[in-house]
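J.: Everything below, folded, please.
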Amino acid sequence: MTQTLFAADALLPEGWAKNVLLAWNDAGRLTQVQAGAQRPADAQTVKGPLIPGMPNLHSHAFQRAFAGLTEHRAEQHDSFWSWRTLMYRFAARLGPQHMEAIATWLYAEMLEAGYTSVCEFQYVHHDTDGRPYADDATLSLALLRAARKAGIGFTLLPVLYQTGGFGDVPPTEGQRRFIRSTDSMLRLLDALKPACDEQGARLGMAPHSLRAVPPEALRDAIAGLEAIDRTAPIHIHIAEQTKEVQDCLAWSSRRPVEWLYDKFEIDRRWCLIHATHVSPDEVHMMGHSEAVVGLCPTTEANLGDGIFPAQEFLASNGAFGVGSDSHVSVSALEELRWLEYGQRLKHQRRNRLSNRPEVADTLYTAALQGGAQAMGLELLAGDGWCVRLRA
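T.: Below is the predicted model of the structure:
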């Protein structure tokens with residue numbers, strides 16, 4: 001069944017257009033976008049301007065439920081690492097029913113706040129004692145159900161997590177619910193593929209980080225994912241903290257992004273999350289590759305990560321999208337506002353991230369395109385444009 005919507009003003013890939021008629025099918029996929037159209041008598045009319053819904057390219061859904069718990073000073077030198085300790089304690093208590101309830105609530109919030117699709121970076125896999133559930137896909141299926149109930153577009157990214165640090169450091173007790181062998185991950189992906197296909201969701205994979213996945217495991221996991229779906233998205237945390245960069249240098253004599261680009265062919269399937277602490281050479285590598293950088297400015301500020309060199313990255317023709325990550329804020333517009341504001345603070349100038357007068361239009365359109373690519377939608381649709389819209 002086709003549904004239609006008419007807007008006097010709508011933001012399209014080529015810019016703002018007048019008298020736009022849109023049609024979509026039962027799956028929520030656009031089948032027609034026509035500018036300069038006559039309004040059909042039976043079409044619903046939007047009261048104001050219409051803009052495409054923003055993809056949220058990085059989410060840890062369960063963290064929404066403990067966001068307020070972290071806003072007190074736990075240690076004299078409070079940091080990302082002390083925050084992580086509290087997050088582990090919270091994650092250790094969650095069951096499938098908690099995960100589904102929190103995610104359903106969060107995804108409804110996202111829809112209200114301007115996101116119409118989300119990439120879920122799912123690393124809590126096992127029961128509270130660290131042993132797999134009888135159905136190994138239990139927690140991933142809970143998130144799929146949450147997305148279906150909320151009505152949000154969904155890309156599921158089960159996370160491969162094996163070590164507690166570079167050089168095969170053993171995982172900690174707090175990480176026991178996250179740990180999977182490479183074979184276990186590939187079996188999970190095989191099991192989840194039919195459920196994702198049935199729901200119209202995309203399935204990819206997320207090696208958690210270079211510190212959490214040894215090189216051979218990373219190669220084998222990517223090869224296994226390609227055997228399931230050669231277009232599947234691949235997301236990875238990288239260079240979020242200075243300690244991570246220092247530890248990578250001590251382990252390999254290379255910085256994280258430098259090491260990744262040297263060892264792997266980074267293409268359009270890849271989304272590099274945060275990449276906060278990168279050298280000028282690494283900025284050039286990322287900007288001139290086809291990967292998307294996933295930026296989460298409200299979380300990066302909340303955790304004291306640092307400020308991504310966005311001005312230099314965009315000057316290198318880099319592609320980016322935004323995500324709400326730990327969900328201290330759930331607002332697509334706030335992520336973009338703080339992306340620009342961070343650069344204003346860093347460079348002590350205004351309107352840093354656009355060469356055009358329309359700064360907001362430029363940032364919003366760029367984040368749409370990068371977000372759609374990171375979700376795996378762009379690889380299917382072929383036009384790089386988000387397929388869900390928001391009035």
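J.: Quick one: mean pLDDT over the helix or strand hosting Leu156.
T.: Using DSSP states H and E, the element containing Leu156 is strand 153-160. For strand 153-160, the per-residue pLDDT values average out at 97.
J.: Just checking: what are the partner strands of it?
T.: strand 115-122 (parallel), strand 202-203 (parallel), strand 206-207 (parallel) (DSSP bridges).
J.: what's the offset of that strand from the middle of its chain?
T.: The gap between where strand 153-160 is centred and where its chain is centred comes out at 9 Å by Cα atoms, centre = their mean, to the nearest Å.
J.: Can you give me the buried ones in the helix or strand following it?
T.: Sequence-wise, the next helix or strand beyond strand 153-160 is helix 182-199, with elements assigned using DSSP H and E. Within helix 182-199, the residues that qualify as buried are Thr182, Met185, Leu186, Leu188, Leu189, Leu192, Ala195, Cys196, counting by 16 or more other Cβ atoms under 10 Å. The C-beta positions use only the backbone N, C-alpha and C, and glycine is treated the same way.
J.: Relative to Arg344, how far out is the last one?
T.: Right, the one you point to is Cys196. With distances taken as Cβ to Cβ, to the nearest Å, Cys196 is found 40 Å from Arg344.
J.: for the third one, same thing?
T.: When distances are taken as Cβ to Cβ, Leu186 and Arg344 turn out to be 45 Å apart.
J.: next one: Met87
T.: 30 Å.
J.: Comparing the two, which residue is more hemmed in?
T.: When Met87 is set against Arg344 and neighbours are counted by other Cβ atoms under 10 Å, the residue ahead is Met87, at 19 against 13.
J.: how much space between the more buried one and Ala319?
T.: Plainly put, Met87 is 29 Å away from Ala319 if you go by Cβ to Cβ.
J.: Would you format the buried residues of helix 182-199 as JSON lines with distance to Val278 and pLDDT included?
T.: What follows is the buried residues of helix 182-199, written out as JSON lines (distance: Cβ to Cβ, whole Å; pLDDT from 0 to 100):
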{"residue": "Thr182", "distance to Val278": "28", "pLDDT": "98"}
{"residue": "Met185", "distance to Val278": "27", "pLDDT": "98"}
{"residue": "Leu186", "distance to Val278": "30", "pLDDT": "98"}
{"residue": "Leu188", "distance to Val278": "31", "pLDDT": "98"}
{"residue": "Leu189", "distance to Val278": "29", "pLDDT": "98"}
{"residue": "Leu192", "distance to Val278": "32", "pLDDT": "98"}
{"residue": "Ala195", "distance to Val278": "36", "pLDDT": "97"}
{"residue": "Cys196", "distance to Val278": "32", "pLDDT": "97"}
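J.: In terms of distance to Pro55, which of the residues you listed ranks first?
T.: Within the set of the buried residues of helix 182-199, Cys196 lies nearest Pro55; the separation is 16.4 Å, counting by Cβ to Cβ.
J.: ok, for that closest one, nearest residue in space, not its chain neighbours?
T.: Spatially, and ignoring its direct neighbours in sequence, Cys196 is nearest to Leu203 (4.2 Å; Cβ to Cβ, 6 or more residues apart in numbering).
J.: Quick check: that neighbour touching Asp190?
T.: No: between Leu203 and Asp190 there is no contact under Cβ atoms under 8 Å: 10.0 Å.
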